[in-house]
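[1] A structural model of the following input is requested.
(chains A and B)
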Amino acid sequence: MTRPMTRRRFLKRSAGTGAAVAVAAVAGPTIVPISALGAPDKPAPSNRIVMGFIGLGGQGTYDMGNLLGQKEVQGVAVCDCDQSATSKARQTVEKKYAQETRNGTYKGCRTYEHFWELLDRTDIDAVLIATPDHWHALIAIAAAKAGKDMYCEKPMTLTLREAREVVNTMRRYDRVFQTGSQQRSHGPFRQACELIRNGYIGNVHDVYVRVWGPSHECDLPAQSVPEGLDWDLWLGPAPWRPFNKDIIHGGFRPYRDYSGGGVTDWGAHHFDICQWALDMDNSGPVAFFPPSGPDHPCLHFEYANGTRVWHLDGPGEEALIKQRMPEKPKEGNIIFFHGDKGWIEVSRDHIRSNPQPIANHFVGPNEIHLYRSPGHTQDFVNCVKERRRPICDVEIGARSVSVCHLVNIAYWLGRPIRWDPSAEEIIGDPEAARWVDRPKRAPWYL
Amino acid sequence: MMPIRHTVMAAVVAMGLAAARSAPAADPPKNDDLIKQLGGEGTPAAKSATEFEAAYAQVLPQLLEKPQGDDSALQRIAFRASRPGAETERAALSKALVAKLTVDASTPVKVLLLRHLQRIGGDEAVPAIAALLADKDAQVRECARRALSNIPTKSAADAIRGAIDKADDPAWHGALIGALAYRRDPADAPLFARAAARTDDAVRIPAMIALARTGDASALSVLTANRETGSDAAKAVANEACLMLADRLVTLDHRPDAAKIYREYLDAPQQQPRYRCAAIIGLGTAGSEEDIARILGLITDPDVQARGAALSVLVHRRDPGTADHVLAKLAKADTAAKPWLLRALVDLGDKRAGAALLKAVEDEDQTVRIAALTGLARAGDASAVPALLKSAAAKGEEQVAARNTLEVLAGKGVDDALVQHIADAPAVPQRVEAIRALGTRRTPEAVGPLFAATTDAEGSVRSEAFRSLGLIAPFNELPRALALLVNAKEDADRDNAAKAAVAIARKNDDIDARSAPVLAQLAKTEGPARYTLLAVAGQLGGERALAAIRDAVKSDDAKTHEAGVRALTNWPDAAPMQDLLTLAKTEPNNTLAILSLRAYVRLIGMPSKRKPEETVKLYQGAMEIAKRPDEKKMVLGGLGEVKHRTSLEAVAPFLSEDGLQGEACAAAIRIARDVWERNKDLAKFTMTKVLEVSKSDSQKRGAKEILDKIDPPGHVGAE
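    Numbers count the residues shown, from 1 in each chain, chains lettered A, B, ... in the order given. The predicted structure is shown next:
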């Protein structure tokens, strides 16, 4: 019987490395050749992308389904610290391929509790990283060092420094990194951004973004750890605390040790679109202001050119809408760009504008066009094959999540934060600068 | 019992401080008020360091009562105290927190205090935190380690260094190395170098990474030596650290030292692809001209990852002469290399890329042709139009690539070239593709030529011209499109003209205005064109159009009557519901009666302000009229979208009816999913029936899920 790999055993094996998990190779199972799958329309093995899937909660399972739907992808491994998740995921993978075999069976997907064992497999080309946020950077860096390309869920990291480290590592090893901010691959968001880049609403002076608020400390009571879950591994680099069932399976987002809350969860989508529309993918805002008094009832941040982005959240939202916005925004998570010639509002289910025809205006061949993605996962697959940077490349993911982190820091500290987007440093506030990163629980480190 | 009234003043007086003796004799704030004041609300709670210390000391017992509970009040205080210009408050709070780090404090209290000290602590907190590095509780030791790691003062670093000197346990030693490395102080590089030279992996591995982040060229000897000794894990980390160090040397402007490392990784036989990539990328920044020439050669390397890295370097550098090399290689390249070289030319932005791509469009290999067609989107101009049209007239992936490029190909002359090819292209399919491209590009100047093409001798040209006109022509061109409809000699042309007319008319947001030209034309048109105009009007909506269609329905002329009925069945809103119901009941032409009923059912399902039970009644009325299973299924489908008890009741009788069971079961499940909580008996009855009669496993699963919600398994409900 195989003994489970505990963190202590891992320490003995890999000698305390955190991000440095490029440990000795572990032999993986032999892949069933694609010819055995009886699928003549499948790409030749040399053109296939063999994938492992790490983190198999709701979002991970959804992403895995999308990736398995790409004809070039063959899934061979699933990994989670919750055994029930890996068991379900393996069934999903094997069921899919079983349908393509002549005899209706397939057994070619292996389960792992520990991501470093999956990364050790030399036959795996790329991985999905869909763990809770506090694990993203460490696993991404380990995956790059193991030579894998990756589709990493948003928000890309838990801290500002992690974001830059992930970029540096991806660039060092020339890895393909797709951030899971998939709105860039949605037509209406690209349309809105192209219209703005082409000046259809003039100079954008204010943007209003409705996403949920920041995270906070976790104060949930202790409960017993369910069978099959490695709680210590789930926590990983986060400070130790007792288990509570409401933290796992997506419940981690309100808590600061694991996530930036709604600000990073949805901000990694909507603030990301702001960055795209405002042509700030290699830069960022220069100042962040928490709510302060009747003139600034909501948090906002400013770019060097004076464009302000307001976070529609909290008790000041109604006042802000009345004070500043030319039109009441629709319900839900929206982005509202206000320029000196009109406005555009966009969300996942609508795009509207004033003047009204702008929203549906056809952006012609001789105007500015942005990256046209064939779909977020398809774009990732194409870029792995062609060694190109995808639509939501690591630098883009890093810049967008940095905006989110700085929004949170301003909320948490309750004071303005000055940011140098070039040096990526908080200016003039040494205590706020301590939030650029957080020391990780041993043995994990960047 | 008297309430606790520890006050700032009382505490200060107790400490015998003269400053406090002169304070006004006002009522001191209660703890809750003081907590708010210290958090920044209202008037400041104190001024001097001593006053702040006393104030913090007063509130801390209350704030630490539930160390694992909500600490937002302490957080507000701590974050306020950490603001710029408030060093007095920060240090005072830090001291107050330290004072609570007593030996007998519980682990949760220590953890909470250390969390805040990690964020705001300074020199004043370091000795107490350092002492906790030896705490008996591992969690406390770990929190103390992290706290020191994040305190940016020299004394904190010294405390970690001191602990490293005393560390016996390799894992703890490694953790302390990590704590020091977090600070990224180059002054610690010698310490890291010593640790990296140790034999125990738990220490040497984090030390190697730390050394790579802080060291200079002298660190290389330690790291390279480690590549040859110890565990596989340590060797792998040594390689990573070497490459990290090389990257750092580039930032320190020690490029020759860095280049030496990169070259070694590029030259090593059997090198792993990721290390080769890192070497190529690194040499792109630190390498010599010779290195860059070598990278040029790697664009055609058998390893696709090396090719990608080489391309990335060359495009980033944009050295003069790179494109010359690429072109020279392209002339001799094999099929596998050509797409990469073509991409390099495009990414380099070289003016000759267009010509090279045009030549490659004629390549024997389809992969090369597709790469060329795709590249033309960025590097092509009007001269690419003939080749693109030729490829667009082909089939499969090549056609897709060419069409995509034609849609976005920039340049003023492109539209002119496309217009010219409507008439001049050497083959009909290419003329069709030119027309198609003008439509997808929304070229307004093409409206005239497209109208001309609608009378072309070739049917496929005419058909595509109508489609593109629908996309491009503005509303004021509607009469012209209607004239084409009226004058069409072939049915296909008339139908295509009708589609174009509808598309053009819909560009006007005023519903009555959009149909006005159609009705004007209708008034003076007879024969087949009249029937088609009625069909057009039927798709546009508006009261005036509806009146015209109602007149047609009443017509004694059978064909006009039929055209009117058919127009009604396509109506875009619920206005003619009553007309359609009447037709469904009374129309002698069975086909038209069925079409009317189907349209009526469709309109019932449109969004409305009716109450759900009223909608259900309308569906029930339609069900009574329906004679065929197809229409009954439509009604059941509609009922399935009405999430109300009455719709579930309406569906229930059909669960037993042969031929309708499948749709009835599906509808019942859809409704029950939304209404079971308020209608448990009905939901239970219908879902039990679904389980009994359905032949679908998924439907049975759906019914079972709802039944399990009503009566959870293992639950014994009270009767």
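[2] may I see the buried residues of stretch A:417-427?
    When burial is assessed from 16 or more other Cβ atoms under 10 Å in any protein chain shown, stretch A:417-427 yields the following buried residues: A:417-419, A:421, A:424, A:426. The way it works is simple: take the backbone N, C-alpha and C, and place the C-beta from them, glycine included.
[3] ok, the residues you listed vs A:Gly57, which is closest?
    A:Glu424 (30.5 Å; Cβ to Cβ).
[4] roughly how far does the closest one sit from A:Val286?
    Between A:Glu424 and A:Val286 the computed distance is 12 Å (Cβ to Cβ, to the nearest Å).
[5] how about A:Cys109?
    A:Cys109 is 48 Å from A:Val286, by Cβ to Cβ.
[6] out of the two, which sits in the more crowded spot?
    The neighbour comparison of A:Cys109 against A:Val286 (other Cβ atoms under 10 Å in any protein chain shown) goes to A:Cys109, with 24 against 18.
[7] ok, and the closest non-adjacent residue to that one?
    Distances taken as Cβ to Cβ, 6 or more residues apart in numbering or on different chains place A:Val93 nearest to A:Cys109, at 4.1 Å, with adjacent residues excluded.
[8] then B:Glu613?
    B:Thr646 (4.5 Å).
[9] so after the helix or strand where that neighbour lies, what's the next helix or strand?
    Under the criterion of DSSP states H and E, B:Thr646 resides in helix B:645-651. Proceeding C-terminally, helix B:645-651 gives way to helix B:661-675 as the next helix or strand, assigned by DSSP H and E.
[10] got the angle for the following helix or strand past that next one vs helix B:661-675?
    For helix B:661-675, the following helix or strand on the C-terminal side (DSSP H and E) is helix B:680-693. With axes from the mean of the first three to the mean of the last three Cα atoms, to 10 degrees defining the directions, helix B:680-693 sits at 150 degrees from helix B:661-675.
[11] can you name the next helix or strand after helix B:680-693?
    Once the chain leaves helix B:680-693, the next helix or strand it forms, by DSSP H and E, is helix B:697-710.
[12] so for that next one, mean pLDDT?
    Helix B:697-710 shows a mean pLDDT of 93.
[13] in that helix, what's buried?
    Quick answer for helix B:697-710 (16+ other Cβ under 10 Å): B:699-700, B:702-703, B:706-707, B:710.
[14] next: stretch B:63-74.
    Within stretch B:63-74, the residues scored as buried using 16+ other Cβ under 10 Å are B:63-64, B:67-68, B:71, B:73-74.
[15] how far away from the center of its chain is it?
    Centroid separation between stretch B:63-74 and its chain, computed with Cα atoms, centre = their mean, to the nearest Å, is 37 Å.
[16] for it, give the mean pLDDT please.
    Mean pLDDT, stretch B:63-74: 93.
[17] mind listing residues that contact it?
    Residues outside stretch B:63-74 that contact it (Cβ atoms under 8 Å, 6 or more residues apart in numbering or on different chains) are A:216-217, A:219, A:221-222, B:35, B:39, B:60, B:77, B:100, B:106, B:108-109, B:111-113, B:116.
[18] state the pLDDT value of the residue of the stretch 101-250 of chain B found nearest chain A.
    Residue nearest to chain A within the stretch 101-250 of chain B: B:Asp201 (2.5 Å; Cβ to the nearest Cβ). Note on B:Asp201: pLDDT of 95.
[19] and what of B:Pro44?
    83.
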